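Enquirer: Generate a structure from the sequence data that follows.
(2 chains)
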Protein chains: 2
Amino acid sequence: MRLLLISNSTNPGEAYLDYPKNHIREFLGDKPVNALFIPYAAVTFSFEEYEEKVNSRFAEIGHHVTSIHRYINPQEAVENADAIVVGGGNTWQLVKILQEKGLMKAIRKKVKKGTPYIGWSAGSNIACPTLRTTNDMPIVEPMKFKTLKLVPFQINPHYLDDNPANHGGETREMRIREFIEVNRATYVVGLREGTMLLLEENELVMTGHRKARIFRYGEEPLELSSEDDFSFLLK
Amino acid sequence: MRLLLISNSTNPGEAYLDYPKNHIREFLGDKPVNALFIPYAAVTFSFEEYEEKVNSRFAEIGHHVTSIHRYINPQEAVENADAIVVGGGNTWQLVKILQEKGLMKAIRKKVKKGTPYIGWSAGSNIACPTLRTTNDMPIVEPMKFKTLKLVPFQINPHYLDDNPANHGGETREMRIREFIEVNRATYVVGLREGTMLLLEENELVMTGHRKARIFRYGEEPLELSSEDDFSFLLK
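Expert: The predicted structure follows:
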């Protein structure tokens, strides 16, 4: 399997999808790829706008996406895809639409057979067994919380250490500690901004300048860098 | 109906439940009340600890709570309660347990008949039609998103304006704008830290020094203060 799971599309002050574009190029290779784009996480802007935004960056690296909403038969579009790219936005909306259209299984099957998968934010989240580590507001109710289960662990994208000033709510670490309290067998990878996980066959590594924070019930959180091997998470 | 819906238990640097305690005293009155406490939102600490924490503050204002986990028949405990107090924590866990024990309907019926209801954070959230405006991580999967529907609008507790530095994720306002995009008929009240809503009969007001930010699809957000009448939200 080949996965590129990116924490966030955009670093503050940069253009959309700018910082990860070279990693995407490396992942997709030199030969131009026309990837299938899943824009369903978009809520306050159209699928066309989303596709265009992604294509303006993909053009810079010699690749292209076509959004799934353009196909009459989305199942078939998945089956024929050379690569699958799932954009961020609202995870709940993304999961609801994928479930309603029966696309979860199709995508899982396709990626399991070796088709490259790129996701960022919500798109990384749904590569996990469930959406239970999303940060998003549950604005719609999906059929169930199960997602693609391409990896056996959970990702928390946009992992952050600070709380804003004067905020009395839970820190992200507190939220994840709640998660592992009730999901004791599951690893959670807090993926900080500007970082991504790369899976090639059975080897999992991280790219980016920040460390990832890894949680599991009963263990002290680990801080691992791009120098470390993340493959133990696949067991 | 009588509701006191509090944004957050604790302001930074203060003792648990300290800032709202006098409002709770005023709401419950001078005669000592033994309220039923719902601690199910607690995930990383025990129901006993939670009960004790709440009681240490309630003792200062001449009242007391008994946690529902002490009763063999929780349905009956709800029916006999003089007041119902629902503490914060993880909204998903709270909703899941209330649904599993069949307590949603019992609490709704009881409060609709006039029994005072106090909630903070998750406890305020579930007074709304659904949990769709929670900030919490969906660490467990409840049967459904429907909650008590004591009011017809949604509350977003811990509403905050800022994002932490270097955070590329959505602001709270962006999240709520996503919510109203797909739930166009529903008002959302962003309840900032240190504020609470008070419903007495058909009159709804806010207490606290910060303003509330009120969202509805197609309308500019309103900023209302403790001087304003919030009763239009009940229609």
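
Enquirer: Roughly how far does the closest residue to residue A:215 other than its chain neighbours sit from residue A:212?
Expert: Distances taken as C-beta to C-beta, 6 or more residues apart in numbering or on different chains put residue A:188 closest to residue A:215, at 4.5 Å, once the chain neighbours are dropped. All C-beta spots, glycine's among them, are computed from the backbone N, C-alpha and C. For residue A:188, the distance to residue A:212 (C-beta to C-beta, to the nearest Å) stands at 10 Å.

Enquirer: cool, residue A:124 as well?
Expert: Distance from residue A:124 to residue A:212, by C-beta to C-beta: 12 Å.

Enquirer: what residues are shared contacts of these two?
Expert: A:191, A:197 (C-beta atoms under 8 Å, 6 or more residues apart in numbering or on different chains).

Enquirer: out of these two, which sits in the more crowded spot?
Expert: Using other C-beta atoms under 10 Å in any protein chain shown, the more surrounded residue of residue A:124 and residue A:212 is residue A:124, with 29 against 26.

Enquirer: Show me what residue A:188 bridges to in the sheet.
Expert: residue A:154, residue A:215 (DSSP bridges).

Enquirer: what about it, neighbour count?
Expert: So residue A:188, with other C-beta under 10 Å, has 27 neighbours.

Enquirer: Ok, residue A:196 next?
Expert: There are 27 residues near residue A:196, going by other C-beta under 10 Å.

Enquirer: what's the distance between it and residue A:125?
Expert: 13 Å.

Enquirer: and the longest helix for chain A?
Expert: In chain A, taking DSSP state H as the definition, the longest helix is helix A:47-60.

Enquirer: Now do the buried residues in the helix or strand just after that one.
Expert: Following helix A:47-60 in sequence order, the next helix or strand is strand A:64-67 (DSSP states H and E). Going by neighbour count (16 or more other C-beta atoms under 10 Å in any protein chain shown), the buried part of strand A:64-67 is A:65-67.

Enquirer: swap in stretch A:139-155?
Expert: A:139-140, A:142, A:145-148, A:150-151, A:153-155.

Enquirer: starting at the chain centroid, how far to that stretch?
Expert: 11 Å (C-alpha atoms, centre = their mean, to the nearest Å).

Enquirer: Across the sheet, point out what pairs with the residue lying closest to residue A:83 once chain neighbours are set aside.
Expert: Using C-beta to C-beta, 6+ apart and skipping the chain neighbours, the partner closest in space to residue A:83 is residue A:35 (3.8 Å). Going by DSSP bridges, residue A:35 is paired in beta bridges with residue A:65.

Enquirer: Pull the contacting residues for residue A:35.
Expert: Residue A:35 neighbours (C-beta under 8 Å, 6+ apart): A:28, A:58, A:63-66, A:81-85, A:116, A:118.

Enquirer: Turn these into JSON lines, columns for pLDDT.
Expert: Putting the contacts of residue A:35 into JSON lines (pLDDT from 0 to 100) gives the following:
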{"residue": "A:28", "pLDDT": "98"}
{"residue": "A:58", "pLDDT": "97"}
{"residue": "A:63", "pLDDT": "98"}
{"residue": "A:64", "pLDDT": "98"}
{"residue": "A:65", "pLDDT": "98"}
{"residue": "A:66", "pLDDT": "98"}
{"residue": "A:81", "pLDDT": "98"}
{"residue": "A:82", "pLDDT": "98"}
{"residue": "A:83", "pLDDT": "98"}
{"residue": "A:84", "pLDDT": "98"}
{"residue": "A:85", "pLDDT": "98"}
{"residue": "A:116", "pLDDT": "98"}
{"residue": "A:118", "pLDDT": "98"}
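
Enquirer: Closest one of those to residue A:13?
Expert: residue A:58 (21.1 Å; C-beta to C-beta).

Enquirer: Distance of the closest one relative to chain B?
Expert: 19 Å (C-beta to the nearest C-beta, to the nearest Å).

Enquirer: Just the pLDDT at residue A:223, thanks.
Expert: Per-residue pLDDT puts residue A:223 at 98.

Enquirer: Touching, it and residue A:211? I think so.
Expert: Yes: applying C-beta atoms under 8 Å, one finds residue A:223 in contact with residue A:211, separated by 4.6 Å.

Enquirer: Who has more neighbours out of those two?
Expert: residue A:211 (18 against 12).

Enquirer: ok, now which ones touch the more buried one?
Expert: A:192, A:223-225.

Enquirer: Among these, the buried ones, what's the PyMOL command?
Expert: Only the buried entries of the contacts of residue A:211 go into this PyMOL selection, using 16+ other C-beta under 10 Å:
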select buried, chain A and resi 192+224
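
Enquirer: okay if I get the contacts of residue A:211 as CSV plus secondary structure and distance to chain B?
Expert: What follows is these, written out as CSV (DSSP: H, G, I helix; E, B strand; the rest coil; distance: C-beta to the nearest C-beta, whole Å):
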residue, secondary structure, distance to chain B
A:192, strand, 9
A:223, strand, 17
A:224, strand, 20
A:225, coil, 18
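
Enquirer: how about the helices in chain A?
Expert: Per DSSP H, chain A carries helices over the ranges A:21-28, A:47-60, A:74-79, A:91-100, A:103-112, A:122-125, A:172-182.

Enquirer: okay if I get those as JSON lines plus distance to residue B:130?
Expert: Below are those laid out as JSON lines (distance: least, C-beta to C-beta, whole Å):
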{"stretch": "helix A:21-28", "distance to residue B:130": "37"}
{"stretch": "helix A:47-60", "distance to residue B:130": "26"}
{"stretch": "helix A:74-79", "distance to residue B:130": "28"}
{"stretch": "helix A:91-100", "distance to residue B:130": "12"}
{"stretch": "helix A:103-112", "distance to residue B:130": "24"}
{"stretch": "helix A:122-125", "distance to residue B:130": "20"}
{"stretch": "helix A:172-182", "distance to residue B:130": "20"}
